[in-house]
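Enquirer: could you look at this predicted model? Sequence included:
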Amino acid sequence: MRVLIADKLLPSVAERLSDSGCEVSVDPSLSGDALADAVGRTDAQVLVVRSTKVPADVLAGSSLGLVVRAGAGVNTIDMSTASARGVYVANCPGRNSLAVAELTIGLLVALDRRIPDAVAELRAGRWNKAEYGEARGLAGRRLGVVGAGQIGMAVAHQARGLGMHVTVWNRGTHRREAVERAGFAFNPDLIDLAANCEAVSVHLAATPETEGLAGADFFAALPDNAFFINTSRCEVVDEAALLDAVRTRGVRAALDVFSGEGAGGTDSIDVPLLREPGVIATPHIGASTMQAQEAVADEVVRIVQGFVATGRVANVVNVTAQSPASHMLVVRHLNRVGVLAHVFLALKNAQINVQETENIIFDGGKACIARIAIDSAPSEQVLTALHQGSVDLLDLQLVTRRL
């Protein structure tokens, strides 16, 4: 299997994949046209990225069968093109949750104690204990966590360790039971949560549904002088509304993600929002701890090795949970050449599309059961032809699926 690693990962990823028989190429500098050229030049079957974008032209005309995002989200990958070309996309969810949660808590403490400003003044030779000795303190304060995924819940647990009262919001109520079982309050109304919390931390993936979710109404609901933290994706925040809240109502913000981020390990940026006295920021380092990198490396290797060995993909995100096929043929047959070819040919001649199939072999290797999901029911004539066309076909059942 030919693997191209187009981002900076721990060297152990390439070493372990090479040791398992993969042909591995590594170039963390690849992006844009250079990435597309490298995918074609290496004839890569697997592409591993972290923050590198994978647009349609990288996928089109390639030999790729799998793209692995060495992180939680997949918003940097053209999912529609990958799905249209039958390219698996997998990610590494939860492997960096604790790292992001730790940074979130660090930023929360930094907002309360104004640590960056205090350090800056001391470095400039100014002792200003009178200014920085008036923090509110976090114990007993109300923290709203927006997003009940692994990172959001990790933040909730760590904030409880600080003595904070935590309320969680999530898109939909499917996580409510888990949130309440963990001992946290659940509020299904985002604006109400904002209005009743002294600090809010956002932990959402960037999707069309979450774009600008923290908008003007959200920031208008926040109490004056509240804390706002975003270590997820900049797209979920209306930065103009945030800026207005900082300037007019004393909201303090801590951001690990923002519009105008730099590229690569070092870069120059010009982001007016970060020059506001009420805003502190870090350069998108939420997942960047050695622990997180090692955990992600382990997961990338596991995904690729599983794909090589079995053709199956762990953590795949672009395969439907259930086939939309309305019917299923259950074919019990002898394990001999041509049985399934006979079935598939009959379905083809009847203009019936096979959408999913699985063939299970019994102990001893003499008999099998094939489960064939199809988009319409074969006629009695087709079923009769299937039965009579092969002596190796033992039984045939047609099942109407409940979708």
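Expert: Received, thanks.
Enquirer: buried residues in stretch 303-311, which are they?
Expert: 303-305, 307-308 (16 or more other Cβ atoms under 10 Å). Placement of C-beta: from N, CA and C, glycine included.
Enquirer: domain map for the chain?
Expert: For the chain, the structural domains run 2-95+291-310, 97-286, 327-400, going by automatic domain parsing.
Enquirer: can those go into a markdown table with extra columns for distance to V319 and mean pLDDT?
Expert: Below are those laid out as a markdown table (distance: least, Cβ to Cβ, whole Å; pLDDT from 0 to 100):
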| stretch | distance to V319 | mean pLDDT |
| --- | --- | --- |
| domain 2-95+291-310 | 7 | 94 |
| domain 97-286 | 18 | 96 |
| domain 327-400 | 10 | 92 |
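Enquirer: nearest to N318, out of the ones you listed?
Expert: domain 2-95+291-310 (4.7 Å; Cβ to Cβ).
Enquirer: where exactly do the helices run in the stretch 151-300 of the chain?
Expert: Secondary structure of the stretch 151-300 of the chain (DSSP state H, counting those that start in this stretch): helices at 176-181, 190-195, 216-221, 239-249, 290-310.
Enquirer: what packs against the first one?
Expert: For helix 176-181, the helices and strands in contact under the criterion 3 or more Cβ pairs under 8 Å, 6 or more residues apart in numbering; DSSP states H and E are helix 150-161, strand 185-186.
Enquirer: what's it in contact with?
Expert: With Cβ atoms under 8 Å, 6 or more residues apart in numbering as the test, helix 176-181 has contacts from 148, 153, 156, 168, 170, 185-186, 188.
Enquirer: mind checking which helix or strand V399 is in?
Expert: Taking DSSP states H and E as the definition, one finds V399 inside strand 393-400.
Enquirer: now do S376
Expert: Applying DSSP H and E, one finds S376 in no helix or strand.
Enquirer: thinking again about what came up before, dump the domains of the chain into CSV; add distance to N318 as well.
Expert: Listed next are those as CSV, based on distance: least, Cβ to Cβ, whole Å:
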stretch, distance to N318
domain 2-95+291-310, 5
domain 97-286, 14
domain 327-400, 15
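Enquirer: what sits against the closest residue to V308 other than its chain neighbours?
Expert: Leaving aside its chain neighbours, V308 sits nearest to M1 (4.7 Å; criterion: Cβ to Cβ, 6 or more residues apart in numbering). When contacts are counted by Cβ under 8 Å, 6+ apart, M1 is found next to 21-23, 45-46, 304, 307-308.
Enquirer: switch to 6 Å and redo it
Expert: 22, 45, 308 (Cβ atoms under 6 Å, 6 or more residues apart in numbering).
Enquirer: for G215, same thing?
Expert: 238, 241.
Enquirer: give me phi/psi at it?
Expert: phi -110, psi -160 (degrees, to the nearest 10).
Enquirer: re earlier: just the closest of the buried residues of stretch 303-311 to L30, please.
Expert: Nearest to L30 among the buried residues of stretch 303-311, with distances taken as Cβ to Cβ, is V304, at 17.7 Å.
Enquirer: report the contact partners of that closest one.
Expert: Neighbours of V304 in contact, by Cβ under 6 Å, 6+ apart: 17, 46.
Enquirer: and whichever strand or helix holds V343, how far out from the chain's middle?
Expert: Assigned by DSSP H and E, V343 belongs to helix 339-349. With Cα atoms, centre = their mean, to the nearest Å as the basis, helix 339-349 stands 39 Å off its chain's centre.
Enquirer: kindly report the same for stretch 231-242.
Expert: On Cα atoms, centre = their mean, the centre of stretch 231-242 falls 18 Å from that of its chain.
Enquirer: R275: how many residues sit nearby?
Expert: Neighbourhood size, R275 [other Cβ atoms under 10 Å]: 8.
Enquirer: to clarify, my last question referred to E209.
Expert: Neighbour count for E209, taken as other Cβ under 10 Å: 10.
Enquirer: looking at it, S25 is touching R41, isn't it?
Expert: No: S25 lies out of contact with R41 (Cβ atoms under 6 Å); the separation is 8.8 Å.
Enquirer: more neighbours, these two?
Expert: S25 (17 against 10).
Enquirer: re earlier: in CSV: the contacts of helix 176-181, plus distance to T400.
Expert: Converted to CSV, these look like this (distance: Cβ to Cβ, whole Å):
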residue, distance to T400
A148, 37
M153, 40
A156, 44
V168, 41
N170, 35
A185, 44
F186, 39
P188, 37
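Enquirer: which of the residues you listed count as buried?
Expert: Using 16+ other Cβ under 10 Å, the buried members of the contacts of helix 176-181 are 148, 153, 156, 168, 170, 185-186.
Enquirer: can you pick out the most distant pair from those residues?
Expert: M153 and A185 (13.2 Å).
Enquirer: how about the secondary structure of the spatially most central residue of the chain?
Expert: Nearest to the mean C-alpha position of the chain, by Cα atoms, centre = their mean, lies G73 at 2.7 Å. Three-state call for G73 (DSSP: H, G, I helix; E, B strand; the rest coil): coil.
Enquirer: thought it was touching T207?
Expert: No: G73 is beyond contact range of T207, at 9.2 Å (criterion: Cβ under 6 Å).
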